[in-house]
Structure formats: structure tokens, C-alpha cells
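Undergrad: build the 3D model from these lines:
(one chain, ligands or ions: 1)
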Amino acid sequence: MLSHRDADVATERAVTVARGDGIGPEIMDATLRVLDAAGAALRCEHIDVGERAYLRGHSSGIPAEAWESIRRTGVLLKAPITTPQGGGYKSLNVTIRKAMGLFANVRPTRSYAPFVPCAHPAMDLVIIRENEEDLYAGIEHQQTAEVAQVLKLVTRPGCERIVRYAFEYARAHGRRRVTCMTKDNIMKQTDGLFHRVFHEVAAEYPDVQGEHQIIDIGTARLAAQPERFDVIVTLNLYGDILSDVAAQVAGSVGLAGSANVGERVAMFEAVHGSAPDIAGQDVANPSGLLSAAAQMLVHLGQAQVAEHITNAWLRTLEDGVHTADVHRPGHSARRVGTQAFADAVIDRLGQAPRGLQPARYRAGGIQVRTAPPVPREKRLDGVDVFLDWDEADRDPEILAARIGAAAPAGWRLKMITNRGVKVFPGGFPETFRTDHWRCRFVPWTRTEPVRFADVVTLLAGLDHAGLEVIKTEHLYAWDGVPGYSLGQGE
Ligand code: NAD
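TA: Residues are numbered from 1 along each chain as shown. Just a heads-up that it's a prediction; the model follows:
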């Protein structure tokens, strides 16, 4: 329904709405009433996902008809859901994120001081987190009695997509700087790739300042001087932590919304959970879902409606009309319930905040394209063979001698490391050693590239000598540049 006088003249858009569990239905009702009063041009398709769907036997909480709706509309406004206790239930959020390719997690975080206490009133930043890759690919193995590993997967198109998204977002929202955070001083292949792609893409956006910070000092700076940051783009795990640090510093975790955006589908939700402790009491704050809904309207090209809503909401906060979680005696004027808060926002539609920075949204949905892969020469230089070995006091000299006797002609044992520390040749007896050994093999002469058949022969030799191979990693060079980390002194 288009009812507000300043509303965008927009084509009605179908959106999928999940009312969720716990406080979900209350805050969704409040949010939809505000959207309607502001003139958002939406047609809502309601789906039933979450606790009831889990208990009906859908292991990820999403029945088939809900998937159909999400895929048809391409936009999901989701209230928080409750994951039932006990095993066998898969996270609904992770399932939607992965199945629908929602590669960008977008979390704006700002200060609402003095209405919500925050030591950094000028804080106003957006964290754009890569949402699918990195340590969250969920590929883990226990390899020996003592050692478990997780695979950290970082792809060039994945990096390019999220970095481009961050620059496009900055441009579309009039933001001036994008800060990339990685740990590429340690992880030169994975985080190094993210940083390199950032560097390449930044050159295409001369109107936006690009900078890089190492994640540890970057996080410390974010906690101490958040007003220095504008847009931050980073890998999945760092972004996960950074978003919570930022929300905590802003003091506004209960007010924050987030977007999960993919090429075809986007999901918008509050950052908080379903708060079963206060469900059904009309006391929950609908602000997180409302700010997610504003992000959704911007995504749908209804930026002006989103501005009306956010500005009316800011004015409501300024007027001291507060729900219990934000209410402070002496500072707040009126303590209200969920629906009365929504009414207060509706009453202020068309008004702007007096002290807080008003919202200015310009963008519609952001589309990013990635470049096709550039062909590169790939050459196999050698192989890292990982062994499970727990004999002879874990003495690497003894292991090296056994390997030397077992390895077929043509292969040279270049080094052995234990937890990444070189222990052969020339290790220190003080180095802690576990039962997990990486043995790097290269050919004695390098006239021809190594063939896979050579690796198989090597593995057969080691196996024949009773050495337990647990995995291998091929050492590829790309256009002559090693695509693997070098050992100490290599
Ligand atoms: P929670 O965010 O639901 O609650 C933490 C505390 O914050 C509670 O005291 C709660 O009353 C309060 N709170 C949360 N939202 C509020 C609001 N809008 N207004 C006022 N107070 C609010 O976190 P939890 O207790 O750890 O989790 C409860 C359930 O939510 C769990 O089942 C969890 O799996 C689920 N959860 C869902 C999502 C999601 O759907 N995106 C996210 C987080 C947690």
C-alpha cells in the first residue's frame, strides 16, 4: 500500500516474510505496521520456518514451500528463530546462507549517543564480511591421535566479489574509505590472496580511499577509535568477531540489523535472537528488525521510504520514547511496549532527527561482476606428505633415516616440519613435537615437471616401508611462482 505522501513511486515488490519464534511475531507485526504506514510498496508472502518446522521434521527448519517462496521473491525478511535444543538440527541461517549463495554479510553499526550510551558518538561504520568461505567451509579432520585440522578455503572469485561489493557499497552510500583487514603477514597464500585482490580492485575506484590493516591491530583500533573507520571489508572469521566488537562498542547490539546478500537472493534480519525469556509480553524492542527492513527497502530501490522510516525512528529515540531494554530513568521520557513503540515511530513519519545524523540512502541493490579467470601456467614442483608417526621418541633424525631408505630414486626429502616448525635438517631438541609430520619431497633434478605418477610411486614406497601417510598436498608453482608456503630457510 502506498500511503505516505513522500513515498517513492515504486512498483510493488513481493517479499518473503518469516515471523519467527519467541519475540519474532511481535517485532515482525510492529515492523510491518511501520513499513505499511511509511508507504513501502511490498506484497508479503508469509512462510512458516523455524521451531515449528524443525519439530515437524525439517532438519534445517525450512519446508519445501518456504524455499519456493524465498527463491521466487529473492528477498527474505526474517524475524529471529529458535533452534530447538538437542542434536540433529541444522542452523536455518547457515543453511539459507549457503544454499542461496549469500556471499556478503553487511552490518552497519553506529552510535546513538546520548540516547544509547556510547563512548564514541561519531562512530558510524559498516562491516562487510565474506560469508561463505574461509574457516567456515566446515571441512575438518582429526588426522592423528593428537592433531585435528580445519581447511581455510579462500578463492579468487570469492575475494573479488566481496571486495567489489564493499567498494560499490561505499560508492552507493557516499562513504569515502574502505579498510581491508587480513593477517597476510602470516597467511601469505589465503589472506595474501584477499589482500592482493583488494589492492587490484581498489585501483578501479579512485574516488574511494582504500587501505589495509593487519586484523589484530585493526581490531584494537576499532575498539579504541571506531570513528576512524567507514567501510571495513574482511574474511569470514575476522568479520564475525569484528561485527560483535563493533556492536559492543556502539552499545547497540539490540538495535542492529544485518543483511546477507547474494546474486539472486538477499536476507534481512535483526542481529539479536528470539529472546524466549520476554516473548509474548509486548516488551521487546523491534528496532533491530526495523533497521534490517530499512536495509531491505534500500536493496529494493525504495530508498526514500527507508529514509522516512529511519529518520522517524531516530526521532523517536531522541524524543525519549524507549522500550525497556533502552529505557533509562532520568534520560528517557516514556517507557513503552513493542506496539506502542511502533506507533510512536509511525506518528513521527515525515520528521527528521534533531541531533542525530539523519539517514541518507541512495542506492538500490548492488550488483557485482567478477572477472573471468586469467589462464596461468601450473607446474608441479614436489609434494608435502603428512605422516602419522609416533615411534623412537619422535626423533626426526630417525624418521628422516627411515624415509630416506623408503623413498624411491628420484625423490629427495627436503625437510620435515612438526606443527610448521622445521625439525629436519638441523632442528632443535627443544622444539615440541607431536605425532603429525609434514615431509617435503622434491625431485633431485628439476629438468621435467613432477608427474602425478611419480607421487604415487613415492607414496607406495613410504607405505611399503610401514610409514602411515595421512594426506598429501601438491606443491604447485603458478607462472613460476610457488603457490605454497616455504619452510624456514628454504
Ligand atoms: P537473544 O539475543 O535472543 O537474547 C539475549 C538477551 O537479549 C535476552 O536477555 C533477551 O531478552 C534480550 N533481547 C534480545 N532481543 C531483544 C529485543 N529485541 N528487545 C529486548 N531484549 C532483547 O540470545 P539467546 O538468548 O542467546 O538466544 C535465544 C534463541 O535465539 C536461541 O534459540 C538462539 O538459537 C536464537 N538465535 C537466533 C538468531 C537468529 O535467528 N538470527 C540469532 C541469535 C540467536
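Undergrad: the residue in the stretch 201-350 of the chain that the ligand sits nearest to: neighbour count?
TA: Going by C-beta to the nearest ligand atom, the ligand is nearest to residue 273 of the stretch 201-350 of the chain, at 2.5 Å. Any C-beta I mention is one placed from the backbone N, CA and C, and that applies to glycine too. By the measure other C-beta atoms under 10 Å, the count of residues near residue 273 is 15.
Undergrad: I figured residue 263 hits residue 101, correct?
TA: Yes - in this structure residue 263 lies within contact range of residue 101 using C-beta atoms under 8 Å: 6.3 Å.
Undergrad: spell out which parts of the stretch 151-300 of the chain neighbour the ligand.
TA: Along the stretch 151-300 of the chain, the residues adjacent to the ligand under the rule C-beta under 6 Å from any ligand atom are 254, 269, 272, 273, 274, 275, 276, 277, 278, 284, 285, 288.
Undergrad: so which of those residues belong to helices?
TA: residue 288 (DSSP state H).
Undergrad: most surrounded residue in the residues of the stretch 151-300 of the chain next to the ligand?
TA: Using other C-beta under 10 Å as the neighbour criterion, residue 284 leads these with 29 neighbours.
Undergrad: rewinding a little: need the residues of the stretch 151-300 of the chain next to the ligand in a markdown table (columns: pLDDT).
TA: Converted to a markdown table, these look like this (pLDDT from 0 to 100):
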| residue | pLDDT |
| --- | --- |
| 254 | 81 |
| 269 | 96 |
| 272 | 91 |
| 273 | 92 |
| 274 | 94 |
| 275 | 94 |
| 276 | 94 |
| 277 | 95 |
| 278 | 96 |
| 284 | 96 |
| 285 | 96 |
| 288 | 96 |
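Undergrad: please name the nearest non-neighbouring residue to residue 195.
TA: In space, and not counting its chain neighbours, residue 195 is closest to residue 184: 4.5 Å by C-beta to C-beta, 6 or more residues apart in numbering.
Undergrad: contacts only, for that neighbour.
TA: Contact partners of residue 184, counting by C-beta atoms under 8 Å, 6 or more residues apart in numbering, are 191, 192, 194, 195, 214.
Undergrad: nearest to the ligand, of these?
TA: residue 194 (26.0 Å).
Undergrad: isn't that closest one right up against residue 238?
TA: No - Residue 194 lies out of contact with residue 238 (C-beta under 8 Å); the separation is 9.8 Å.
Undergrad: got any residues that touch both of those two?
TA: residue 182.
Undergrad: who's more crowded, the two?
TA: Per other C-beta under 10 Å, whichever of residue 194 and residue 238 has more neighbours is residue 194, with 31 against 24.
Undergrad: checking my notes, the more buried one in a helix, right?
TA: Yes - Residue 194: assigned to a helix according to DSSP: H, G, I helix; E, B strand; the rest coil.
Undergrad: where does the stretch 301-450 of the chain have low pLDDT?
TA: Residue ranges of the stretch 301-450 of the chain with pLDDT under 70: 363.
Undergrad: who touches the residue lying closest to residue 464 once chain neighbours are set aside in this structure?
TA: Closest residue to residue 464 apart from its sequence neighbours, by C-beta to C-beta, 6+ apart: residue 406 at 6.9 Å. Neighbouring residues of residue 406 by C-beta under 8 Å, 6+ apart: 461, 462, 464, 465, 467.
Undergrad: before we move on, what SS does residue 145 have?
TA: Three-state assignment for residue 145 (three-state DSSP): coil.
Undergrad: that one against residue 435, yeah?
TA: Yes - assessed by C-beta under 8 Å, residue 145 is found in contact with residue 435 at 6.0 Å.
Undergrad: in a helix, residue 369, correct?
TA: No - the assignment for residue 369 (three-state DSSP) gives coil, which keeps it out of a helix.
Undergrad: that one: neighbour count?
TA: Residues near residue 369, counting by other C-beta under 10 Å: 9.
Undergrad: what's the closest non-adjacent residue to it?
TA: Computed as C-beta to C-beta, 6+ apart, the closest residue to residue 369 that is not its neighbour in sequence is residue 164, at 7.7 Å.
Undergrad: can you tell me how far residue 283 is from residue 335?
TA: Per C-beta to C-beta, to the nearest Å, residue 283 is found 9 Å from residue 335.
Undergrad: should've said residue 256
TA: 21 Å.
Undergrad: tell me which of the two has more neighbours.
TA: Neighbour comparison, residue 256 and residue 335: the larger count goes to residue 256, with 21 against 17 (by other C-beta under 10 Å).
Undergrad: burial measure for residue 138, as a count.
TA: 10.
Undergrad: and the gap between it and the ligand?
TA: 18 Å (C-beta to the nearest ligand atom, to the nearest Å).
Undergrad: what's the answer for residue 70, then?
TA: 15 Å.
Undergrad: just after the helix or strand where that residue lies, pick out the following helix or strand.
TA: Element membership for residue 70, per DSSP states H and E: helix 64-73. The first helix or strand that comes after helix 64-73 along the chain, using DSSP H and E, is strand 75-78.
Undergrad: what does whichever helix or strand comes after that next one rub up against?
TA: Note on strand 75-78: by DSSP H and E, the next helix or strand toward the C-terminus is helix 92-99. Identification of contacts with helix 92-99 by C-beta under 8 Å, 6+ apart yields 49-50, 60-62, 67, 70, 76, 81, 83, 102, 131-132, 260, 267, 269.
Undergrad: and if you look at stretch 354-372?
TA: Contacts of stretch 354-372 (C-beta under 8 Å, 6+ apart): 110, 112, 115, 124, 157, 160-161, 164-165, 168-169, 172-174, 261, 263, 266, 294, 298-301, 303-304, 306-307, 310-311, 314-315, 317-318, 352.
Undergrad: show me those residues that map onto strands.
TA: In this view, those that belong to strands under DSSP state E are 110, 124, 261, 266.
Undergrad: show me which pair in the residues you listed is furthest apart.
TA: Among the ones in strands among the contacts of stretch 354-372, the pair separated by the greatest distance (C-beta to C-beta) is 124 and 266, at 22.3 Å.
Undergrad: and those two? Which one has more around it.
TA: Between residue 124 and residue 266, counted using other C-beta under 10 Å, residue 266 has the larger neighbour count: 24 against 17.
Undergrad: the more buried one touches residue 76, doesn't it?
TA: Yes - using C-beta under 8 Å, residue 266 is in contact with residue 76, at 7.4 Å.
Undergrad: what's the residue nearest to residue 369 in contact with, if anything?
TA: 201, 368, 369, 370.
Undergrad: which of these are buried?
TA: 201, 368, 370 (16 or more other C-beta atoms under 10 Å).
Undergrad: and residue 461, helix, strand or coil?
TA: helix.
Undergrad: and for it, nearest residue in space, chain neighbours not counted?
TA: Leaving out its chain neighbours, the residue that sits closest to residue 461 by C-beta to C-beta, 6+ apart is residue 408, at 4.6 Å.
Undergrad: spit out the contact partners of the one you found.
TA: Counted by C-beta under 8 Å, 6+ apart, residue 408 has contacts 457, 458, 460, 461.
Undergrad: what of residue 33?
TA: Residue 33 neighbours (C-beta under 8 Å, 6+ apart): 339, 342, 346.
Undergrad: can you give me the buried ones in the host helix or strand of the second one?
TA: In the assignment (DSSP H and E), residue 342 maps to helix 338-347. When burial is assessed from 16+ other C-beta under 10 Å, helix 338-347 yields the following buried residues: 338, 341, 342, 343, 344, 345, 346.
Undergrad: quickly check those for the two that are furthest apart.
TA: 338 and 346 (13.0 Å).
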